[in-house]
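Student: need coordinates for the below:
(one chain, ligands or ions: 1)
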Amino acid sequence: MTTTPAVETLITNAYVVLQSQKASAAEQAAGVTDVESAQSAGREVDGGWLAIQDGRVHSAGRMGQPMPEAQRRLDAGGRLLTPGLINTHHHMYQNLTRAYAPAVNGTLFQWLTTLYPKWAGLHEESVYLSTYVAAAELLTGGCTTSSDHMYVHPVPRLIDAQIQAVTEVGFRFMANRGSMTRSVEDGGLPPKEVVQDEDTILSDSERLIQTYHDPAPGAMTRVALAPCSMFSVSESIMRSTAELAEKYDVRLHTHLAEDTDEDDYALEVYGRRPVEYFEDCGWATPRSWVAHYVYGSDQENRRLAEAGVGATQCPSSNMIICGDAADAKTLRSMGMAVGIGCDGSASADSADLWQETRTALLLGRFRHGPDSFTAREALNMATEGSAATLGWADEIGHLNPGACADLVIWDSARLSQTGVLTDPVEGWLRSGPARAHTVFVNGGERLTQGQLQLPGLEDVVARHRTAAEAMQR
Ligand SMILES: [Zn+2]
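Tutor: The predicted model follows:
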């Protein structure tokens with residue numbers, strides 16, 4: 001007689017969202033609501049369970065259906081359980097200069113030129129601390145994977161320090177080896193202390209890929225290449241970075257069409273619009289995803305969508321610093337993968353993916369009307385959409401059996417949920433704020449009943465304060 005080995009963890013008594021999708025057009029025409037559609041298709045299970053084994057979703061079902069034996073059972077208390085949210089654009093080091101008074105009212109260019117000299121003081125310790133804090137902060141907002149665009153390199157080995165921090169936190173991470181080559185002296189925006197020559201950038205990019213990039217399924221760390229923006233890098237580094245990404249089969253990332261100042265700059269310096277420049281550099285490929293992408297023309301949007309380029313909407317940051325945001329609904333309707341990003345901690349000043357997802361919902365409806373964009377579409381952006389922009393849609397962003405076990409059990413403020421009876425997903429996003437109650441990354445519990453499982457956190461926060469004071473002084 002054989003017995004089936006027990007799975008590691010069985011979560012019971014949850015409203016399980018395996019995959020977030022709205023009702024089809026035909027269903028909508030027939031008066032089927034999003035929640036009815038999701039439940040009848042099995043994408044959502046009311047009163048469900050989910051089993052975890054070896055870092056993966058083993059199986060899922062409805063209470064009452066046969067469940068596997070488990071070494072550990074966790075009662076979710078009827079709470080909502082979703083795939084972990086995925087952050088596709090951040091600059092974690094910027095939490096050392098959050099809400100920095102001299103910069104808070106500047107335009108994007110003024111804000112950058114005020115802060116660049118401060119960031120020139122970055123070193124391994126401050127980058128380690130800021131990354132640790134950022135990953136911990138993201139976990140509390142239900143984020144289980146983040147990319148990070150690290151483009152200020154006044155000293156070497158800063159991304160190594162980042163990877164050390166996220167590894168200690170147990171956070172899934174796509175390091176973006178950012179770069180800047182054009183300082184003020186060459187017509188760029190940054191001071192010369194934070195730019196590097198092209199050979200240094202390319203050889204360090206190669207070193208980081210060889211050391212840390214894990215292309216295998218279930219990877220916890222991957223590396224992408226990410227020249228900062230057209231006003232801080234040369235055309236030649238854009239081209240050679242694209243060639244290097246091709247050689248190692250890694251992803252490409254940059255800022256694009258973030259601000260109207262960028263249009264003027266591109267026409268003056270390159271004689272082209274930003275998207276034309278991007279295309280001419282060989283970047284219009286399915287390997288690329290771009291941050292912000294607010295000011296593409298209709299034709300440019302179609303061209304990039306057709307080329308397979310993805311985009312990150314950064315709702316809070318774009319509204320605070322640019323006065324507009326990517327039109328996610330229209331871009332998605334063109335077939336473009338659109339994810340969500342919190343952007344740098346000194347532009348959005350907050351790194352909470354629940355909040356960004358809710359703001360994406362508001363932006364969609366504000367722009368297109370009340371029947372245009374639903375909570376499930378916003379959640380889809382923050383999960384499957386984000387995973388697609390990172391080239392990772394096969395494994396993260398959903399909880400179908402076989403997916404990485406990156407998931408969140410949510411806690412919403414009790415009073416704000418009073419009266420939410422008919423749609424747990426709309427209720428979660430509209431009637432917040434929601435915080436993570438329990439978070440699993442790669443099958444491991446990182447946050448329990450709202451508490452991070454990080455014994456070193458208080459020490460890191462104290463050292464972060466010292467580092468931030470030194471930088472802002
Ligand atoms: Zn950015």
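Student: what residue ranges in the stretch 251-400 of the chain score low on pLDDT?
Tutor: Applying pLDDT under 70 to the stretch 251-400 of the chain flags residues 345-346.
Student: can you map out the helices along it?
Tutor: 260-270, 274-280, 298-307, 315-321, 328-333, 353-368, 375-380, 386-389 (DSSP state H, counting those that start in this stretch).
Student: please identify the most buried of those helices.
Tutor: helix 386-389 (a mean of 29; mean count of other Cβ atoms under 10 Å). Placement of C-beta: from N, CA and C, glycine included.
Student: any chance of CSV for the helices of the stretch 251-400 of the chain, columns distance to the ion?
Tutor: CSV is the format used below for these (distance: least, Cβ to the ion, whole Å):
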stretch, distance to the ion
helix 260-270, 12
helix 274-280, 15
helix 298-307, 18
helix 315-321, 7
helix 328-333, 17
helix 353-368, 13
helix 375-380, 20
helix 386-389, 14
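Student: so can I have TSV of the ones you listed showing distance to Leu129?
Tutor: As requested, the helices of the stretch 251-400 of the chain are arranged in TSV below (distance: least, Cβ to Cβ, whole Å):
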stretch	distance to Leu129
helix 260-270	31
helix 274-280	34
helix 298-307	36
helix 315-321	22
helix 328-333	33
helix 353-368	21
helix 375-380	31
helix 386-389	26
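Student: among those, which comes closest to Cys404?
Tutor: The minimum distance between Cys404 and the helices of the stretch 251-400 of the chain falls on helix 386-389, with 9.8 Å, by Cβ to Cβ.
Student: the closest residue to the ion within the stretch 301-450 of the chain - nearest residue in space that isn't next to it in sequence?
Tutor: When distances are taken as Cβ to the ion, the stretch 301-450 of the chain reaches nearest to the ion at Asp343, 4.9 Å away. Nearest residue to Asp343, sequence neighbours excluded (Cβ to Cβ, 6 or more residues apart in numbering): Ser317, at 3.5 Å.
Student: follow-up on the earlier one: doesn't Gln313 make contact with the residue of the stretch 301-450 of the chain closest to the ion?
Tutor: No - contact criterion Cβ atoms under 8 Å: Asp343 and Gln313 do not qualify, at 9.8 Å.
Student: what is in contact with the two at once?
Tutor: Common neighbours of Asp343 and Gln313 (criterion: Cβ atoms under 8 Å, 6 or more residues apart in numbering): His292.
Student: could you count how many residues lie near whichever residue of the stretch 151-300 of the chain sits closest to the ion?
Tutor: Closest contact between the stretch 151-300 of the chain and the ion, by Cβ to the ion, is at Ala291 (5.0 Å). Applying other Cβ atoms under 10 Å, we find 32 residues neighbouring Ala291.
Student: now Met238: phi and psi?
Tutor: phi -60, psi -50 (degrees, to the nearest 10).
Student: might one say that the residue of the stretch 151-300 of the chain closest to the ion is in contact with Val309?
Tutor: No - with contact defined as Cβ under 8 Å, Ala291 does not count as touching Val309 (11.7 Å).
Student: then the strand or helix carrying Ala226 to CSV, C-alphas only?
Tutor: For Ala226, the host element (DSSP states H and E) is strand 221-227. Output of strand 221-227 as CSV, limited to C-alpha atoms (Å, rounded to 0.1, in the frame of the first residue of the first chain):
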residue,chain,number,x,y,z
THR,A,221,17.1,36.6,-9.4
ARG,A,222,17.3,37.8,-12.9
VAL,A,223,19.2,40.6,-14.6
ALA,A,224,18.0,43.1,-17.2
LEU,A,225,20.0,45.9,-18.9
ALA,A,226,18.7,49.4,-18.6
PRO,A,227,20.3,52.6,-19.9
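Student: how about it, does it reach the ion?
Tutor: No - Strand 221-227 is not in contact with the ion by Cβ under 5 Å from the ion; minimum separation 9.8 Å.
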